[in-house]
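> Here is the input, now give the coordinates:
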Amino acid sequence: MVSSLEQRWYQKDTQPPLWARMLEPVFRTVATTRRRLYRQGHLRSYRAPVPVLVVGNISVGGSGKTPLVIWLVEMLRDAGYKPGVISRGYGGRAAQYPLKVRATTAVTECGDEPLLIARRTGVPLVVDPKRSRAAQHLLAQYKVDVIIADDGLQHYALERDIELVVVDGQRRLGNGRCLPAGPLREPASRLDEVDFVINNGSRAKGEVSMRLQMGGAWQLTHPHVLRSIDSFDGPVHALAGIGHPERFFQQLESQGLTISRQPFADHHAYQSTDLPTSGEVLMTEKDAVKCLTFATDNLWAVSIQAQLPENFRESLLALLAQKMKD
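Numbers count the residues shown, from 1 in each chain. Okay, the predicted model is just below:
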């Protein structure tokens, strides 16, 4: 569920509370100073022997990073690369790090997004709160020639060669203010310094347009059983524990479905009592990986595919080839 403070971030003509406005300059100063210290070499960072692509955002909450990471993995493989992925593993807690993530890894250990990426792609994937350590472990354990850092834009202890930032096309940057007065982790000017700004769901000058195409649904108890979205008749229960649940609900309605909404907080740790026991239920794949151990036959996960322009693929591959020569 969205907090009242977060609602204010995205409401026009609504001021954040005074305490938040007073703390914003402190947060902004800490964020910019920390980045400058890394860039000037006062704080140490790790340089991997292979190119590192960082996928992140400058605002809190979901923006569509995971579908983009999956697209990057598949695209790079098609281009002849051997990609690997590293992640913090938000929402998971392993007994020991670094942790190699496989399709059978418990979501409580690795987090929902890494498990979804591993199940969808089978890519070599390592989670560790210290991403530089995750990168070193990935390189030691697998033959990869490019690293994709999932949600690591502000993790400056890991040097990067290419930065891709995803922006929610609907909510954009909210009120444009930094935490806690707004949703930004870094000032909006940070977007001027990245290699690509990926716009999820809209178009803006100078940004790459990304569309999330809704596919079919698979049954949680029997993942090989597939159905088209238009095969679901009557009111359907829809739940989503992602950064912007309304986007998922709107996509279902655009397919002609009548739904009842049940939003949860991003990375919600599901229990069986959270799920309806009757009627058909549609959820995101990110939610589904957390419900597999107690799934029932009425639960279905909707697959999402990122679609990006061909000229972006060409530009990214050209930039990557140049980085590998440098």
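> okay, CA-based contacts and neighbour counts for the rest of this
OK.
> what residues does the longest helix along the chain touch?
Secondary structure of the chain read by DSSP state H shows that its longest helix is helix 18-39. Helix 18-39 has contacts (Cα atoms under 8 Å, 6 or more residues apart in numbering) with 43-45, 156-157, 177-181, 185-187.
> Following element in sequence after that helix, please.
strand 52-56 (DSSP states H and E).
> List the buried residues for that next one?
Residues 52-56 are the ones in strand 52-56 that count as buried (16 or more other Cα atoms under 10 Å).
> circling back to that earlier point, among the contacts of helix 18-39, name the buried ones.
Here, 16+ other Cα under 10 Å leaves 45, 156-157, 177-181, 185-187 buried among the contacts of helix 18-39.
> the strands in the stretch 151-300 of the chain, which residues?
Per DSSP state E, counting those that start in this stretch, the stretch 151-300 of the chain carries strands over the ranges 162-168, 196-200, 208-219, 226-227, 236-240, 259-263, 281-284, 299-307.
> Tell me which of those strands lies nearest to Val60.
Val60 lies closest to strand 162-168 among the strands of the stretch 151-300 of the chain, at 10.6 Å (Cα to Cα).
> can you state the direction angle for the closest one and strand 208-219?
70 degrees (axes from the mean of the first three to the mean of the last three Cα atoms, to 10 degrees).
> that older thread, now render the strands of the stretch 151-300 of the chain as TSV, adding mean neighbour count, distance to Glu253 and mean pLDDT.
Shown next, in TSV, are those (neighbours: other Cα atoms under 10 Å; distance: least, Cα to Cα, whole Å; pLDDT from 0 to 100):
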stretch	mean neighbour count	distance to Glu253	mean pLDDT
strand 162-168	23	19	96
strand 196-200	24	18	95
strand 208-219	19	11	94
strand 226-227	15	17	96
strand 236-240	22	10	94
strand 259-263	17	7	93
strand 281-284	22	12	96
strand 299-307	20	13	95
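> I'd like the mean pLDDT over the longest helix of the chain, please.
For helix 18-39, mean pLDDT rounds to 95.
> so where's the protein shaky on pLDDT?
Scanning the chain for pLDDT under 70 picks out 1-2.
> Show me what Asn200 bridges to in the sheet.
When bridges are called by DSSP bridges, Asn200 pairs up with Asp168, Met210.
> Contacts only, for it.
For Asn200, the contacting residues are 63-64, 166-169, 209-212, by Cα under 8 Å, 6+ apart.
> same thing but at 10 Å, please
Neighbour list for Asn200: 63-65, 68, 166-172, 207-212, 306-308 [criterion: Cα atoms under 10 Å, 6 or more residues apart in numbering].
> And Ala269, by the same measure?
So Ala269 contacts 91-92, 107-108, 111-112, 241, 287, 290-291 (Cα under 10 Å, 6+ apart).
> next one: phi and psi at it?
phi -90, psi 100 (degrees, to the nearest 10).
> now it: how far from Arg44?
Relative to Arg44, Ala269 is positioned 35 Å away (Cα to Cα, to the nearest Å).
> what's the answer for Glu285, then?
To Arg44, Glu285 is 37 Å away according to Cα to Cα.
> quick one, domains of this structure?
4-209+308-325, 212-307 (automatic domain parsing).
> all helices for the stretch 51-200 of the chain, in order.
For the stretch 51-200 of the chain, the helices defined by DSSP state H, counting those that start in this stretch occupy 65-78, 107-110, 112-121, 131-141.
> what packs against the third one?
Which is helix 112-121. Under the contact definition 3 or more Cα pairs under 10 Å, 6 or more residues apart in numbering; DSSP states H and E, helix 112-121 sits against helix 65-78, strand 83-87, helix 107-110, strand 125-127, helix 285-288.
> Tell me which of those sits most buried.
Of all the helices and strands packed on helix 112-121, strand 125-127 has the most neighbours on average by mean count of other Cα atoms under 10 Å, namely a mean of 29.
> Excluding its own residues, what touches that strand? List them.
Outside strand 125-127, the residues within contact range by Cα under 10 Å, 6+ apart are 83-90, 92, 94, 97-102, 109-111, 114-115, 117-118, 133-139, 141-142, 147-150.
> All set now, cheers.
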